[in-house]
Structures are given as C-alpha cells and as structure tokens.
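Visitor: got a predicted model here, sequence first, then my questions.
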Amino acid sequence: MASANPWEQLSQGIELPFNPGIVVPKLHEVSLAIPSPPTITDVAGAARAAITHRLANDVTAGMTVAVGAGSRGLSDRVDVLRGTILGLRDLGAEPFVVPAMGSHGGATAEGQRAMLEVLGMTEQAMGAEIRATMETVEVARTDDGMPLYLDAHAANADRILPVNRVKPHTCFHGPIESGCTKMAVVGFGKQPGAAQIHACGPVEMRERLLRGIDALRSTGRLLGGIATVESAAGEVVRIEGFTANEVGGDAERQLLDYAKALVPALPFDEIDVLIIEQGGKDISGTTMDPNVTGRFWVHGLDDFTSPRVATIVMLDITEVSGGNVLGIGLADFIPASLANTIDWQKTYVNCFTAGPSGVRRSRMPMVLPDEEACIKAALSMCGRAITEPKKVVRIRSTLHLTRCWISDALLGDLPAGATIVG
C-alpha cells in the first residue's frame, strides 16, 4: 500500500547522484544600499489623522463602514487598522472589519477570520468587530457588463473603506496595481470577485480593475481608502487618506510610482542559484515576489531582463500561509519538510481563482530530502560547469530586502553603496 505521505522516502533520505565535485560555496553577508525615507513613528495616529482630515465631509453620524483588512504582509497592520477605526469613530461613523482578501484562507469565512487573527488583527487589537462571510452580493456592472461583487456584510453597510499597502502587483503592470483599488474590486469581492479579475491576461486584468473601480464608485458605496507605503526595510513611510474619487485616480497612481521606487531589487544582473529561506502568502500573493526574482511566468507579461536567475531554491513557508503555496512553481527545488506542509485544497482554490496566472505557478518543484540536497541540485543544474565558480545569492525573503548573502563569484559585482558585513 502506498504511503499516505508521498515525501516520506525523501524526508528519510535517499541517495542522489551528485557529482563529488559539487561543493556548496561559502557565502558573505552583504548590507545593501537602499532608499531610506523618513519613517512614521505614530502609525495609528497618522492613520487616524488621515481619516479625519480627508473624509470629514463624507462621513455622517451613524454611518456604518465596512473596513477592509487583507492577508498581505503589511507592516504595523494592526496600528493602521486601529487608527483608521478610531478616525471613523471620531467622525461619528460605526465601523466594523471584514476580511477583504478574495479567496485566501481556503475561501472559507472561518479560514479568513483565522488568517486575520494569526496576523494579529483580532477584534481586541483593532477595537472593532470582525464580520466574516464568503457570501457576496452583486452591486453594480461595468459598462461592458462585468458584475461587481461585495462581501454580503460590506454590501449591507452604508460604505466600504479599503485599507491596503500600495505596491507593484505580481501578475500585471499598469497605472494602478496593488492598493486600495485592488482591495475594493478584488478583495471585497471574495472568490467570485477575485476570479473574474484574474481570469484573463495581464492587459485585460489591468483594464477590468480600472473599469471595476469606476463602476463601484458610481454606486456611492465607496467611502475612500487608507493607503500605506513601506520602505525596503519594512517601515511605514507614507500613510495617505483617499476620498472616493481619489481611489483609482491620480493620487493612488502617484503613490504607486513612489512605492515602485522603494521596491528592493536583487542587485545582480545574473544569478546562478537564488536561495530563498522563506516564502508565504503574507510575503507575496505568489509566495515569492516576481518583482524581486524577475520570474513572472504569466503569458503576456515579460520576465525581467535583470536579474536573470537560473535556479531558485525555496526552503520554507510562513505559518500564516496555512499551507497555501500558490507560486510554489516559481521555485525549482524545495525540501521535503516544506512539501509536507502544503495544503493542496487551499492552494488549488487560490490557483483556480488566480486564473491563467495560477497554472504554471502552481506546478510542483523538484522535492529533495533537505536543504543541502536542494542547494547541491541547484548548483549542479544551473547551467555552469562543475568546476566553474557559481553566482549564488541567499535572502531571507522577497518582502524586505536590506541584506543578502553572496558567493565569491559575485564579490566583484557588488553595487554602489553595498558593504560586506563582518
């Protein structure tokens, strides 16, 4: 009878035909030069002020507001939500929180509530009730007939307010990518809202998002938004309050341009082996961020010309991911310990919702016994001769890239401002 654990043999160790000349190179820690804008020290206070200053004319006493909370790795997320809720109450509104994360959390209400709580967004911490459901209501249609959905609790509120980090998206490029617009149209729309936006190629995805926010705005249900921008070190450097007209407009577009300038990049044109210690849904919707690795693998969207990464090893995923590893196919090698944590039900629900972008990204990498085997496999299959020096980079994750570890072969390629640590 077959084992219930398909990776049991690998986790116990099997002999692999590695060339005896394959040696894992010594790595040097490097501190990278990154933009360092001033950070916001009182995040809750800044979010509260953004609400009271920007939305004072749009909130009436007793107005119920569904505040969107997502699953992404936002820094100081609890403070941002708490400040937003306090600001709404200052204006006389009655806010509550809904999970606005499409199909994440296994596409169940319980899973989405649990995901918020694992991320620290509990009712006690935020100071507001969480109302979770996967039921949706159609509230509008775009000019070309696409339906717009809202979480049923959000649809029953007077207004919705997305709270999200503005940053580049992992599936398309455009004037609006990840941020308040995407949460309003996709996150609040739960599984059906997310599926219809992601069901097409990157150009149409961008256009559906823009048409969607216009249609949603026309219903009068959108109060505005709270947007954050983070530095490469993961510190909140901007908090902006948007009116309904500014969500999806010039204000959010300008903030995206600013955020893109702060995205950390791997500062090498060519990498033979990239080792990522940890991926996860709270790190990127694709477990690892293509805007860092350069691998998008979406039909109609070009990969970056730099960095050019030959092989990728991923060693672990975050607990918050709950076994959802959409994007695991972007890796070439993973250890059996990671493979054993994958929840294929959650992963495939998310992959189907992601549409065409989920196909190649959901494929299984080569599963090997442990970290050493994965790295040796990458070294032996990266396209360089056994005796040729390998360009190896190791990072903690793709979320906050302030330092990395590199092999001798890359020491001559250090970018300006980077320094060897120790």
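Guide: It's in. Numbering: from 1, shown residues only.

Visitor: what helix or strand does Ala378 sit in?
Guide: Remark: Ala378 resides in helix 371-380, with elements defined by DSSP states H and E.

Visitor: output the contacting helices and strands for that helix.
Guide: strand 270-276, strand 308-314, strand 333-335, strand 366-368 (3 or more C-beta pairs under 8 Å, 6 or more residues apart in numbering; DSSP states H and E). Every residue, glycine included, has its C-beta placed from N, CA and C.

Visitor: what's the mean pLDDT across that helix?
Guide: Across helix 371-380, the average pLDDT comes to 96.

Visitor: run the angle between that helix and strand 270-276 for me.
Guide: 170 degrees (axes from the mean of the first three to the mean of the last three C-alpha atoms, to 10 degrees).

Visitor: got the contact list for helix 371-380?
Guide: With contact meaning C-beta atoms under 8 Å, 6 or more residues apart in numbering, helix 371-380 is reached by 16, 18-19, 22, 24, 272-273, 275, 311-313, 315, 332-335, 366, 368, 386, 390, 392.

Visitor: what's the pLDDT at His400?
Guide: For His400, the predicted pLDDT is 79.

Visitor: I misspoke; the intended subject was Thr133.
Guide: The predicted local confidence for Thr133 is 94.

Visitor: quick one: Gly225 is in a helix?
Guide: No - counting by DSSP: H, G, I helix; E, B strand; the rest coil, Gly225 is not part of a helix but strand.

Visitor: which stretches in the stretch 101-250 of the chain count as strands?
Guide: 136-141, 147-151, 159-165, 224-230, 236-243 (DSSP state E, counting those that start in this stretch).

Visitor: repeat for the stretch 301-422 of the chain
Guide: Using DSSP E, counting those that start in this stretch, strands in the stretch 301-422 of the chain cover 308-314, 333-335, 366-368, 392-395, 403-406, 419-420.

Visitor: outline the domain layout of this structure.
Guide: According to automatic domain parsing, the chain comprises the domains 8-34+264-420, 43-262.

Visitor: what angle do the helix holding Ala378 and strand 308-314 make?
Guide: Going by the same axes, to 10 degrees, helix 371-380 makes 160 degrees with strand 308-314.

Visitor: and helix 371-380, what's buried?
Guide: Going by neighbour count (16 or more other C-beta atoms under 10 Å), the buried part of helix 371-380 is 371, 373-380.

Visitor: so what sits opposite the residue nearest to Ala244 when sequence neighbours are not counted in the bridge?
Guide: Spatial nearest neighbour of Ala244, chain neighbours left out: Leu222 (4.5 Å); criterion: C-beta to C-beta, 6 or more residues apart in numbering. With DSSP bridges as the criterion, Leu222 is bridged to Ile160.

Visitor: pretty sure Leu222 sits against Asp214.
Guide: No - Leu222 is beyond contact range of Asp214, at 10.4 Å (criterion: C-beta atoms under 8 Å).

Visitor: before we move on, back to that, buried deepest among the strands of the stretch 301-422 of the chain, which one?
Guide: strand 333-335 (a mean of 25; mean count of other C-beta atoms under 10 Å).

Visitor: which helices and strands sit right next to that strand?
Guide: strand 308-314, strand 366-368, helix 371-380.

Visitor: ok, now how distant is the residue nearest to the spatial centre of the chain from Leu315?
Guide: The chain has Ser284 as the residue nearest its centroid, 2.7 Å off, counting by C-alpha atoms, centre = their mean. Separation of Ser284 from Leu315 (C-beta to C-beta, to the nearest Å): 16 Å.

Visitor: same check on Gly105?
Guide: For Gly105 relative to Leu315 (C-beta to C-beta), the value is 24 Å.

Visitor: same check on Lys26?
Guide: On the measure of C-beta to C-beta, Lys26 and Leu315 end up 18 Å apart.

Visitor: more crowded one of these two?
Guide: Leu315 (20 against 9; other C-beta atoms under 10 Å).

Visitor: between Leu222 and Asp214, which one's more packed in?
Guide: Between Leu222 and Asp214, Leu222 has the larger neighbour count (other C-beta under 10 Å), namely 26 against 17.

Visitor: check contacts around the more buried one.
Guide: 159-160, 184, 213, 216, 244, 247.

Visitor: can you give me the helices for the stretch 201-350 of the chain?
Guide: Secondary structure of the stretch 201-350 of the chain, counting by DSSP state H, counting those that start in this stretch: helices at 202-218, 250-262, 290-293, 336-339, 344-354.

Visitor: OK, contacts around the closest residue to Leu55 other than its chain neighbours?
Guide: Closest residue to Leu55 apart from its sequence neighbours, by C-beta to C-beta, 6+ apart: Gly224 at 5.4 Å. Contact analysis of Gly224 by C-beta under 8 Å, 6+ apart lists 54-55, 58, 161, 241-244, 246-247.

Visitor: now do the contacts for the residue nearest to the centre of the chain.
Guide: Taking C-beta under 8 Å, 6+ apart as the test, what Ser284 contacts is 73, 170, 290, 327, 398-399.

Visitor: who wins on neighbours among the residues you listed?
Guide: Result: Gly327 is most packed of these (other C-beta under 10 Å), 31 neighbours.

Visitor: can you put the helices and strands packed on helix 371-380 in TSV and add distance to Pro99 and mean pLDDT?
Guide: Shown next, in TSV, are the helices and strands packed on helix 371-380 (distance: least, C-beta to C-beta, whole Å; pLDDT from 0 to 100):
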stretch	distance to Pro99	mean pLDDT
strand 270-276	27	97
strand 308-314	26	97
strand 333-335	28	96
strand 366-368	32	93
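
Visitor: neighbours around Glu270, how many?
Guide: Count around Glu270 with other C-beta under 10 Å applied: 13.

Visitor: which residues of this protein score low on pLDDT?
Guide: Counting by pLDDT under 70, the ranges of the chain that qualify are 1-14, 73, 172, 356, 358.

Visitor: again, 50 this time
Guide: 1-3 (pLDDT under 50).

Visitor: still on that earlier bit, separation between the residue nearest to Ala244 and Phe18?
Guide: 57 Å.

Visitor: ok, now Met205?
Guide: From Met205 over to Phe18 (counting by C-beta to C-beta), the distance is 42 Å.

Visitor: what about these two, which has more around it?
Guide: Met205 (26 against 14).

Visitor: distance of the more buried one relative to Ile197?
Guide: From Met205 to Ile197 the distance is 6 Å (C-beta to C-beta).

Visitor: so what sits against both of those two?
Guide: In contact with both Met205 and Ile197: no residue, using C-beta under 8 Å, 6+ apart.
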